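Asks: Below are the sequence and a predicted model; questions follow.
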Amino acid sequence: MNKVILMGRFTRDAEIRYSSGENATAVARFTLAVNRRFQKEENEQKADFISCIAFEKTAEVIEKYTYQGMKVAIEGRIQTSSYTNKDGNKVYTTQVIVENLEFAEKKAGTEENGGAEHEAADEDGFMNIPDGDEELPFT
């Protein structure tokens with residue numbers, strides 16, 4: 001079984017790209033800063049920086065609704081791979097393939113960050129779901 005659950009903050013806005021071709025697929029790459037459970041010294045919090053990648057609808061949600069510093073919970077799986085760099089050395093990578101994303105904190109109203117509006121959450125921390133035939137902000 002390969003299952004990962006993380007809660008952390010975006011270290012910067014996700015990098016979004018679309019595959020080429022007729023059926024372009026969204027790909028979001030980002031890093032989550034995940035605090036370690038135990039502190040090394042009294043007030044020194046340590047974090048791990050986890051590379052993540054999401055595809056299709058999940059990547060589109062990340063592009064539209066997330067931003068640097070936002071706290072999220074993700075569910076996915078670990079994937080390892082390798083490639084040969086320009087110097088001929090083999091490089092090994094580990095990343096989390098995101099299968100589900102949830103917003104992990106409520107916002108105190110709509111704010112602007114880099115020109116993008118972010119949806120406000122209600123009192124219990126959940127984003128308001130639009131009425132009618134509007135597209136839902138999650139997969």
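Replies: Happy to help now that I have it. Numbering: from 1, shown residues only.

Asks: Using PDB, list the CA coordinates for stretch 64-76.
Replies: What follows is stretch 64-76, C-alpha atoms only, in PDB (Å, rounded to 0.1, in the frame of the first residue of the first chain):
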ATOM      1  CA  LYS A  64      -7.400  28.800  -9.400                       C
ATOM      2  CA  TYR A  65      -7.800  28.600  -5.600                       C
ATOM      3  CA  THR A  66      -4.400  28.300  -3.900                       C
ATOM      4  CA  TYR A  67      -1.500  30.700  -3.200                       C
ATOM      5  CA  GLN A  68       1.800  31.000  -1.300                       C
ATOM      6  CA  GLY A  69       1.300  30.400   2.400                       C
ATOM      7  CA  MET A  70      -2.100  28.700   2.100                       C
ATOM      8  CA  LYS A  71      -2.500  25.700   4.400                       C
ATOM      9  CA  VAL A  72      -3.900  22.600   2.700                       C
ATOM     10  CA  ALA A  73      -4.200  18.900   3.400                       C
ATOM     11  CA  ILE A  74      -3.300  16.500   0.600                       C
ATOM     12  CA  GLU A  75      -3.800  12.800   0.000                       C
ATOM     13  CA  GLY A  76      -1.800  10.900  -2.500                       C
END
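
Asks: Over that stretch, what's the mean pLDDT, rounded is fine.
Replies: The pLDDT scores in stretch 64-76 average 95.

Asks: From the rest of the structure, what touches stretch 66-80?
Replies: Contacts of stretch 66-80 with the rest of the structure, by C-beta atoms under 8 Å, 6 or more residues apart in numbering, involve 2-14, 30, 32, 52, 92-105, 113-114, 116, 118. All C-beta atoms are positioned from the backbone trio N, CA, C, and that covers glycine.

Asks: For PyMOL, write the select line for the buried members of the residues you listed.
Replies: To isolate the buried members of the contacts of stretch 66-80 in PyMOL, using 16 or more other C-beta atoms under 10 Å:
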select buried, resi 4+6+8+9+10+13+14+30+32+52+95+96+97+98+101+103+118
